[in-house]
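1. for reference, the sequence and a predicted model appear below.
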Amino acid sequence: MDATEFRKRGKEMIDYVADYLENLRERKPFPDVVPGYLRQMMPDEAPENPEKWEELFSDIERVIMPGVTHWQSPHFHAYYPAANSYPAIIADILSDAIGAMGFTWASNPACTELEVVILDWLGKMLDLPPNFLFSSGGTGGGVIQSTASEATVVAMLSARTMFIRKMKEDNPEQEDTAILSKLVAYCSDQAHSSVERAGQISMVKMQKLETDEKSALRGSTLSEAIERDQANGLLPFFVCATLGTTPSCAFDNIRELGPLCEKNGIWMHVDAAYAGSAFICPEFRPLLNGVEYAVSFNFNPHKWMNVNFDCSAMWVKDSHLISDAFDVDPLYLRHENQGKMPDYRHWHIPLGRRFRSLKLWFVLRLFGQKGLQDYIRKDVQLAHEFESLVRADDRFEIVAEVIMGLVCFRLKGSNKANENLLKAINDDGRLHMVPSKIKEVYFIRFAICAARTSARDIHFAWKVIKELTELNFGTKIN
Ligand code: PLP
């Protein structure tokens with residue numbers, strides 16, 4: 001493909017993408033395919049000779065689209081959103097064209113410099129304490145990780161390394177492995193599975209602590225756990241608190257957890273993967289109070305801030321805690337301006353990194369803070385609209401306070417009845433949702449996901465749910 005053809009085909013693809021996104025209501029959100037469907041449609045080998053664009057292009061609809069789960073469909077209500085916007089898509093084209101690896105300042109100065117500025121912009125939008133920002137002139141700053149899972153791993157591994165180093169300062173004879181075997185990390189029983197995995201990767205004990213009636217981890221529970229574990233000779237070193245849990249969008253009480261962590265020399269990492277975007281609205285910002293006690297904080301603009309995957313923003317008050325934990329310095333990666341700007345290769349696990357700040361920059365400039373606040377508020381309003389529809393029907397109940405764009409609801413009946421209802425909904429195919437379970441109560445999660453979801457889609461969803469309830473249960477729910 002030469003430049004002339006690229007211009008032509010690129011424009012065709014842009015048209016295809018715009019048509020795809022604008023007409024998604026016409027496609028079922030969940031594909032109707034069986035495992036292995038695609039292999040049967042493909043040759044066994046890659047083509048020997050170049051094929052024609054037209055042949056490839058037509059295979060998008062023939063081979064790929066039948067097996068796509070359409071996360072951007074206004075009828076997709078599963079998980080949490082995967083953000084998507086035209087400005088971010090365009091910025092990614094530019095990033096792909098530049099194709100430079102930004103692992104050090106020297107490897108692509110604009111990549112590092114834009115990230116530094118944009119993460120300060122974003123941190124200010126969230127009203128993060130200034131010591132998390134580069135502009136404070138201290139040791140704080142932000143970095144774009146690929147995912148929230150990776151941010152948790154980076155925080156936990158750094159906390160582990162720093163804790164072991166500190167223990168050895170007091171007692172140099174101690175073996176690393178002896179200390180490691182006593183380390184204990186905490187999260188709530190509602191934390192995302194990636195937190196448990198971070199514990200496995202870090203090879204530390206992980207305690208999942210019980211939450212209160214609002215599914216929040218409280219200080220008293222953490223305090224008891226720390227005392228119990230210390231009495232048993234263990235070494236508490238890390239807490240991952242969640243703001244906006246995956247099952248029900250609950251908020252751990254970081255104002256209670258934070259001082260306890262500070263007092264006990266424990267690294268508090270705050271995972272606000274989904275809910276973090278909402279903190280740009282002053283009315284939601286109080287939910288972030290207590291972040292001043294955190295050593296690290298993370299949220300995903302790629303969930304709810306119109307920035308396409310991947311873009312997970314992480315801030316630390318003292319970047320040395322991360323960069324010194326992973327410091328390996330071969331000659332070929334050094335440069336003469338070292339130390340004047342961050343070399344992000346020290347801040348995360350991979351070496352290579354995309355120019356991801358471009359898409360944040362495009363989104364922040366083309367939506368503006370006001371446009372992004374309006375976007376969040378629209379989704380929260382739609383969630384409340386759906387909540388009202390559920391509450392008005394006495395066959396159903398709401399199982400968790402609706403704070404953001406997630407509604408957790410269920411039939412007033414057995415778990416089995418709710419499992420059957422969700423199966424009927426997903427088999428029907430007009431909507432897609434996933435379940436969750438808290439303290440043995442099974443429920444259905446209805447998340448406002450796609451950028452194009454409107455009040456009309458909410459009413460459509462409720463109409464389908466009611467229709468399938470009547471079809472499957474009539475008047476008898478048990
Ligand atoms: N943390 C929370 C609270 C989440 O809800 C999720 C995903 O939904 C994650 C972490 C994982 O996010 P990622 O895919 O960016 O690792």
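-> Looks like it arrived, so ask away. Numbering: from 1, shown residues only.
2. what's the burial count for the closest residue to the ligand within the stretch 251-400 of the chain?
-> Nearest residue of the stretch 251-400 of the chain to the ligand: residue 273, at 3.5 Å (C-beta to the nearest ligand atom). (Glycine included, C-beta is placed from N, CA and C.) Number of residues near residue 273 (other C-beta atoms under 10 Å) recorded here: 26.
3. and the residue nearest to residue 233 when sequence neighbours are not counted, how far from residue 204?
-> Distances taken as C-beta to C-beta, 6 or more residues apart in numbering put residue 182 closest to residue 233, at 6.4 Å, once the chain neighbours are dropped. Residue 182 sits 9 Å away from residue 204, going by C-beta to C-beta, to the nearest Å.
4. repeat for residue 255
-> Taken as C-beta to C-beta, the spacing of residue 255 relative to residue 204 amounts to 26 Å.
5. who's more crowded, these two?
-> Under the criterion of other C-beta under 10 Å, the comparison of residue 255 against residue 204 puts residue 204 first, with 22 against 14.
6. what's the distance between the more buried one and the ligand?
-> Counting by C-beta to the nearest ligand atom, to the nearest Å, the gap between residue 204 and the ligand amounts to 18 Å.
7. now do the same contact list for that residue.
-> If a contact means C-beta atoms under 8 Å, 6 or more residues apart in numbering, then residue 204 has 156, 160, 180, 183-185, 237-238 as its contacts.
8. ok, so of the residues you listed, who is nearest residue 369?
-> Lowest distance from residue 369 to these (C-beta to C-beta) belongs to residue 156, with 31.9 Å.
9. in which helix or strand does that closest one reside?
-> When secondary structure is defined by DSSP states H and E, residue 156 falls within helix 148-170.
10. over to residue 365?
-> Using DSSP H and E, residue 365 sits in helix 357-391.
11. and the next element down the chain from that helix?
-> strand 396-398.
12. what lines up beside that next one in the sheet?
-> When pairing is defined by DSSP bridges, strand 396-398 lines up against strand 406-411 (antiparallel).
13. show the average pLDDT along the strand it pairs with.
-> Summarised as a single mean, pLDDT over strand 406-411 is 98.
14. hmm, back to that, which helices and strands does the helix holding residue 156 pack with?
-> helix 176-180, strand 183-188, helix 193-202, strand 235-242, strand 267-271, strand 296-299, strand 312-316, helix 320-323 (3 or more C-beta pairs under 8 Å, 6 or more residues apart in numbering; DSSP states H and E).
15. circling back: the residue of the stretch 251-400 of the chain closest to the ligand: what's it in contact with?
-> Going by C-beta under 8 Å, 6+ apart, the list of residues near residue 273 reads 80, 148, 192, 244, 246, 298-300, 303, 312.
16. for the stretch 201-350 of the chain, which residues are neighbours of the ligand?
-> Within the stretch 201-350 of the chain, the residues that sit near the ligand (C-beta under 6 Å from any ligand atom) are 242, 244-246, 271, 273-274, 300, 312.
17. in the residues you listed, find the pair that's most separated.
-> Using C-beta to C-beta, these span at most 16.9 Å, a distance reached by 245 and 312.
18. quick check, pLDDT for the most centrally placed residue in the chain.
-> With distances taken as C-alpha atoms, centre = their mean, the residue of the chain nearest its centroid is residue 273 (3.9 Å). According to the per-residue confidence, residue 273 scores 98 in pLDDT.
19. ditto for residue 476
-> At residue 476 the predicted local confidence, pLDDT, stands at 63.
20. got the contact list for the helix or strand harbouring residue 121?
-> Residue 121 belongs to helix 109-125 when elements are defined using DSSP H and E. With contacts defined as C-beta under 8 Å, 6+ apart, helix 109-125 is touched by 100, 102, 104-105, 132-135, 141-144, 280, 301, 313, 315, 341-344, 353, 355-358, 360-361, 364, 369, 372.
21. where in the stretch 301-450 of the chain is pLDDT low?
-> When residues are selected by pLDDT under 70, none of them lie in the stretch 301-450 of the chain.
22. how close does the closest residue to residue 243 other than its chain neighbours sit to residue 61?
-> The shortest distance from residue 243 to any non-neighbouring residue, by C-beta to C-beta, 6+ apart, is to residue 272 (3.9 Å). Counting by C-beta to C-beta, the gap between residue 272 and residue 61 amounts to 38 Å.
23. neighbour-wise, which of the two wins?
-> Neighbours were counted for residue 272 and for residue 61 using other C-beta under 10 Å; residue 272 has more, 27 against 11.
24. which ones are touching the more buried one?
-> Contact criterion C-beta under 8 Å, 6+ apart gives 242-244, 279, 288, 297-299 as the residues in contact with residue 272.
25. for it, phi and psi?
-> Taking degrees, to the nearest 10, you get phi -120, psi 40 for the backbone angles of residue 272.
26. again with residue 100
-> In terms of degrees, to the nearest 10, the main-chain angles of residue 100 are phi -100, psi 150.
27. got a list of contacts for the helix or strand harbouring residue 461?
-> Remark: residue 461 resides in helix 455-473, with elements defined by DSSP H and E. Taking contacts as C-beta under 8 Å, 6+ apart, the residues outside helix 455-473 that touch it are 25, 74-75, 77, 382, 385-386, 389-390, 393, 395, 411, 417, 420-421, 424-425, 428, 430-431, 446, 448, 477.
28. got it, and stretch 82-97?
-> 17-18, 21, 71-72, 301-309, 354-356, 358-359, 361-363, 365-367, 449-451.
29. same thing with stretch 438-446?
-> 77-79, 190, 215, 247-248, 383, 386, 399-400, 406-410, 415, 418-419, 421-422, 425, 433-437, 461.
30. next one: stretch 416-432
-> 28-30, 32, 69, 73, 75-78, 410-411, 433-435, 442-444, 460-461, 464-465, 468-469, 471-473, 477-478.
31. make a PyMOL selection of the buried ones in those.
-> To isolate the buried subset of these in PyMOL, counting by 16 or more other C-beta atoms under 10 Å, use the following:
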select buried, resi 28+29+30+73+75+76+77+78+410+411+433+435+442+443+444+460+461+464+465+468+469+473+477
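32. mind listing what residue 289 touches?
-> Each residue near residue 289 by C-beta under 8 Å, 6+ apart is listed here: 254-255.
33. how near is it to residue 253?
-> Counting by C-beta to C-beta - residue 289 and residue 253 are separated by 10 Å.
34. ok, residue 314 touching residue 145?
-> Yes. Counting by C-beta atoms under 8 Å, residue 314 touches residue 145, with 5.1 Å between them.
35. joint contacts of those two?
-> 151, 154, 298.
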